[in-house]
Structures are given as C-alpha cells and as structure tokens.
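Trainee: Just the structure for this:
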Amino acid sequence: MRKLIALALLVTTTINYSNAQTKNTKMTNKEKVLAIIKSVETGDTTAASLYINPNKYIQHNAGAPDGIQGFYGFIKYKPANGYKTNVIRVFEDSNYVFTHSEGDIYGPKIFIDIFRFENGLIVEHWDNMQTTETQSKSGHTMIDGVVKASDLNKTADNKKLIQAMYADVFIGGDLSKIDTYISSEKYIQHNPGSPDGKEAFAFMIKMAKEQFWFKVNKTHLVLAEGDFVLVQSEGIMGGKEATFYDLFRIENGKVVEHWDVIEPLTPKEEWKNTNGKF
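Mentor: This is a model prediction of the structure:
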C-alpha cells in the first residue's frame, strides 16, 4: 500500500513539474517578467516558482538577499497597505528583459528593472527606484510618452549611437558633440528637474561639468529594442555616489525623448547580498 501511495505521489509530482515546464515554454520572456512584477503586488508566488531559477538567482538590489527565497521574503513581508505595480514599458534585448514602471513600494515610486534569462528562467536581477515627483519643469510626468518600441531593425545602430554619446558627452565632457546626438527639433524631457529642448540638455551638461554636481564615471549594461535604449551607469549626483538608469528614444539617428531613474548608492555595510549594484 505504501509503495502504491509513493508511486502515486511520484507520478503527481512528475505531472505537475511537466505542466509547469510546458507553461514555462509557452510564455515569452516578456510575459514571464510581467507575471513576476505583478506577483509583487498580489503576493502570489506561482510565477516565481515557474520563472525564477531556484538554484541560481543573483540579486543586485542591495535590500534583498540572493536566491528565490529572497524574492519570496520581499513579497511576503510587505507593508500593511501592500505594494502596487504598473508596468508602462517592457523591452527585450537578447536574454535580457527590462521594464519601466510606476507603483507604490513604501510610497509612490518610479522604477526600472532588468532581468537576465538562462534557458527560459530568470537568473539575475537589477533595478533602480526613485520617489515619484509630480512637479515638472517640462510639463511631462516621469512615466508618460511613447510606450512601444518601433524601428526594430535599427536596434544595433541605436545602441551604438547612445554608447558613442556617453563616451563623447557624458563621460568625455565634449559639449561640441551634443548636436551629433540630440535632436534640435524635438527633445522631450521626463526628468522633472529639466525643461524640454536640446538647449536645456546642453545647459545641464555645461553646469554639471563646471560645478561638479553631476558626473557619469562608468557605463555598465546598455540594452535596446528598436528606438529605445537603456543605459545603466554609475557616477556622482549632488556630491554623492549614485546609480543612473537612463532610457532614450531615438528618431532618425537623434535622441528625441528621455526618461531616467536615479538612486543613491547604498552603503556597503547595509547590503543584504554581496553582488553589488552592477
């Protein structure tokens, strides 16, 4: 009798695992990420059990431990009013998926998340989070604007354009190169502290260079889908170490729209994992 029960349990477990694997292969990586982010709000761990590698989940959010158990803990020990998540944009570059979202994570926030996949499962995660600001010099919010990627055949070219812009302007500090990269006809700015327009962008870079309050020291991940390019970088903001996630939209070889999420670097003694921000 015990052998029959054990056999039945083995068969049931095998069927459940097979069903989970079948569901996993039918979902796109974008859909898996959307399910994971939604689970932060609902608290349902099903998506994590299906789409996160239980043996390898490298966490770069300094406030969370490594591993799938760290993710479970994050959604389990949420505040009394819970979390709210609303993904506005989702993009894919090879084995990476990155999202641009708004929500409530201990207060109203804008966040960008990056997920890396291996064999259909999420194995690594990075993010930046910033308190939502409603007052804007440009009249735009931190999240509105074009949502879907286009010009998919220009992904590689657009990525090279932004990499060159960082080398020349943000890191190199060559203000004469701004016209090469930023559109004179249209530059929509979603950073709440800056107006629209190429001239405002040029002024910001000039003041930052002269007064040393903002500087990009190094780029890390550069990801793109079509006309959207995301740059993960580190540097200085207001005299403190910071992480920058900048999202650019490109038309006809020039940047026409920009969003960002800026987060101060967490002191190392407060990290809950040893992976670092990058």
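
Trainee: just the helices in the chain please.
Mentor: Using DSSP state H, the helices found in the chain span residues 2-26, 29-42, 46-51, 67-76, 155-165, 178-181, 198-211.

Trainee: Not counting its own residues, what contacts stretch 170-189?
Mentor: 137-138, 140, 145, 161-162, 164-165, 168-169, 195-198, 200-202, 205-206, 209, 216-219, 233, 251-252, 254-258 (Cβ atoms under 8 Å, 6 or more residues apart in numbering). C-beta coordinates here come from the backbone N, C-alpha and C atoms, glycine included.

Trainee: First residue to last residue on it, what's the distance there?
Mentor: This stretch, stretch 170-189, spans 17 Å end to end (Cα to Cα, to the nearest Å).

Trainee: What average pLDDT does that stretch get?
Mentor: Across stretch 170-189, the average pLDDT comes to 94.

Trainee: quick one: it to chain centroid distance?
Mentor: 23 Å (Cα atoms, centre = their mean, to the nearest Å).

Trainee: in it, what counts as buried?
Mentor: Buried positions in stretch 170-189, judged by neighbour count with 16 or more other Cβ atoms under 10 Å: 170-171, 178, 181-183, 187-189.

Trainee: thinking again about what came up before, of the contacts of stretch 170-189, keep whichever come out buried.
Mentor: Buried, going by 16+ other Cβ under 10 Å: 138, 140, 145, 161-162, 165, 168-169, 195-198, 200-202, 205, 216, 219, 233, 251, 254-258, out of those.

Trainee: Could you verify my assumption that residue 239 touches residue 211?
Mentor: No - counting by Cβ atoms under 8 Å, residue 211 is not a contact partner of residue 239; they are 10.3 Å apart.

Trainee: just the strands in the stretch 51-200 of the chain please.
Mentor: 58-59, 84-93, 96-104, 108-118, 121-131, 188-189 (DSSP state E, counting those that start in this stretch).

Trainee: Can you add distance to residue 71 and give those back as TSV?
Mentor: As requested, the strands of the stretch 51-200 of the chain are exported to TSV (distance: least, Cβ to Cβ, whole Å):
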stretch	distance to residue 71
strand 58-59	8
strand 84-93	14
strand 96-104	16
strand 108-118	11
strand 121-131	8
strand 188-189	34
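
Trainee: so which of these comes closest to residue 271?
Mentor: strand 58-59 (10.2 Å; Cβ to Cβ).

Trainee: partners of that closest one in the sheet?
Mentor: strand 121-131 (parallel) (DSSP bridges).

Trainee: Compute the inter-axis angle for the partner strand and helix 67-76.
Mentor: Calculated by axes from the mean of the first three to the mean of the last three Cα atoms, to 10 degrees, strand 121-131 forms an angle of 40 degrees with helix 67-76.
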